[in-house]
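# here are the coordinates; sequence isn't available:
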């Protein structure tokens with residue numbers, strides 16, 4: 001590209017030099033010739049005037065007295081009737097000298113000549129000067145072309161490096177501008193693309209982390225159900241019941257995956273409808289009761305029943321499962337799942353009898369990578385995101401004993 005820019009600018013300058021210098025040289029050449037002719041004519045006229053004035057005064061006309069009017073390099077010949085010709089200077093060598101002839105009233109004639117070599121020398125000096133100016137213009141154009149090519153090539157090199165970094169998975173914008181509107185526009189587009197790619201990569205990594213964390217809970221419950229089915233293979237009714245619960249876990253697992261994908265793509269807000277909250281509470285009791293009993297603990301259900309809440313059953317189940325699992329891993333004692341009304345909302349509280357949340361954490365427990373028990377710190381963050389995506393709200397009401405509350409819209413009947 002540099003070579004092309006230099007050649008292009010140099011070609012333009014050469015064309016300008018040719019178009020400008022050739023006519024100028026022709027004009028200057030003609031001007032030099034015309035000036036020389038005018039000087040020869042002026043010399044002849046001046047000499048004739050002097051000759052006439054001396055003749056009119058009766059004074060002798062000699063070369064010594066007239067020679068002062070003839071410039072060096074000129075040849076003059078004076079013809080006076082009845083007298084020998086008077087010659088001043090040397091006759092010019094070469095052919096076609098510049099000649100001027102003037103005649104007086106008394107028959108006297110003055111002829112002045114100048115060699116063309118002198119005129120050609122002046123023309124040559126003019127052409128040399130014009131050529132030097134043209135050469136300086138070409139050199140200046142080359143220097144300007146090289147500077148401009150470097151100035152434009154450097155930003156293009158930077159933009160190419162930026163594009164290469166984007167292709168290599170480095171989406172950091174560079175925020176460089178070059179003072180050239182077209183290049184600055186390309187840089188802005190690349191920076192915007194880098195930001196979009198960065199957000200996409202962050203979303204993909206977040207989805208992978210959320211999925212790996214959130215799928216653990218239903219898979220663990222499903223594994224437990226299958227183990228119970230295997231242990232109770234001799235009791236068909238129990239096997240059927242456990243198999244039904246296992247199928248529900250599979251459906252929940254599918255719903256978790258769908259909800260995680262939806263949270264990554266949905267930008268239009270929640271579109272949840274009403275559902276029976278008792279069914280979700282029952283599911284949580286059946287799912288987590290055996291695990292808590294196996295740890296010497298129990299799950300207690302308190303509060304209102306027969307409530308229709310706004311939301312998606314699968315999402316609410318996933319949020320409650322995350323809270324109960326959190327108490328199973330980090331809490332102690334009885335786990336209480338309490339349902340109460342609060343204005344136009346229904347509140348589902350999950351409480352245990354453990355040490356609670358450290359005071360220095362507070363609501364920061366909902367931030368990703370923040371954990372007080374050396375865990376991943378993802379579960380509560382994902383649970384809050386799921387709740388908000390479903391039109392609800394997840395809050396920490398108390399630190400000790402820990403009380404987490406899921407707020408949902410409530411469907412009221414008249």
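It's in. Computed from a predicted model, the values in this text were never measured in an experiment. Numbering: from 1, shown residues only.

# tell me where the model's unsure across the protein.
Within the chain, the segments meeting pLDDT under 70 span 1-2, 5, 65, 168-169, 200-201, 203-235, 237-243, 245-272, 369-377, 413-414.

# all strands of it, in order?
Under the criterion DSSP state E, the chain carries strands at the ranges 74-79, 86-88, 98-103, 109-114, 273-276, 299-303, 308-311, 335-342, 345-351, 393-398, 403-411.

# give me the domain ranges for this protein.
The chain resolves into domains spanning 2-136, 171-214, 269-411 when parsed by automatic domain parsing.

# what about the closest residue in space to residue 186 that isn't next to it in sequence, how many residues nearby?
Leaving out its chain neighbours, the residue that sits closest to residue 186 by Cβ to Cβ, 6 or more residues apart in numbering is residue 159, at 5.7 Å. From N, CA and C alone the C-beta is placed, and that goes for glycine too. Around residue 159 there are 18 other residues, counting by other Cβ atoms under 10 Å.

# next one: residue 104
Considering only other Cβ under 10 Å, residue 104 is surrounded by 16 other residues.

# swap in the one 3 residues further on?
Here the count is done by other Cβ under 10 Å, and residue 107 has 10 residues near it.

# quick one: contacts for the residue nearest to it when sequence neighbours are not counted?
Nearest in space to residue 107, with sequence neighbours left out and distances taken as Cβ to Cβ, 6+ apart, is residue 81 at 4.6 Å. By Cβ atoms under 8 Å, 6 or more residues apart in numbering, the contact list for residue 81 reads 106, 107, 108.

# want to throw the strands of the chain into CSV with distance to residue 360 and mean neighbour count?
What follows is these, written out as CSV (distance: least, Cβ to Cβ, whole Å; neighbours: other Cβ atoms under 10 Å):
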stretch, distance to residue 360, mean neighbour count
strand 74-79, 111, 20
strand 86-88, 118, 18
strand 98-103, 108, 17
strand 109-114, 108, 23
strand 273-276, 37, 15
strand 299-303, 29, 16
strand 308-311, 32, 21
strand 335-342, 24, 17
strand 345-351, 21, 22
strand 393-398, 13, 16
strand 403-411, 18, 20
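
# would you turn the ones you listed into a markdown table with distance to residue 45?
As requested, the strands of the chain are exported to a markdown table (distance: least, Cβ to Cβ, whole Å):
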| stretch | distance to residue 45 |
| --- | --- |
| strand 74-79 | 12 |
| strand 86-88 | 15 |
| strand 98-103 | 5 |
| strand 109-114 | 8 |
| strand 273-276 | 116 |
| strand 299-303 | 130 |
| strand 308-311 | 116 |
| strand 335-342 | 121 |
| strand 345-351 | 118 |
| strand 393-398 | 112 |
| strand 403-411 | 116 |
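
# nearest to residue 383, of these?
With distances scored as Cβ to Cβ, the stretch of the strands of the chain nearest to residue 383 is strand 393-398 (5.8 Å).

# what is the closest one packed up against?
helix 379-389, strand 403-411 (3 or more Cβ pairs under 8 Å, 6 or more residues apart in numbering; DSSP states H and E).

# turn the ones you listed into TSV, including distance to residue 123.
What follows is these, written out as TSV (distance: least, Cβ to Cβ, whole Å):
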stretch	distance to residue 123
helix 379-389	89
strand 403-411	100
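
# what's the closest of those to residue 306?
Closest among the helices and strands packed on strand 393-398, using Cβ to Cβ: strand 403-411, at 11.3 Å.
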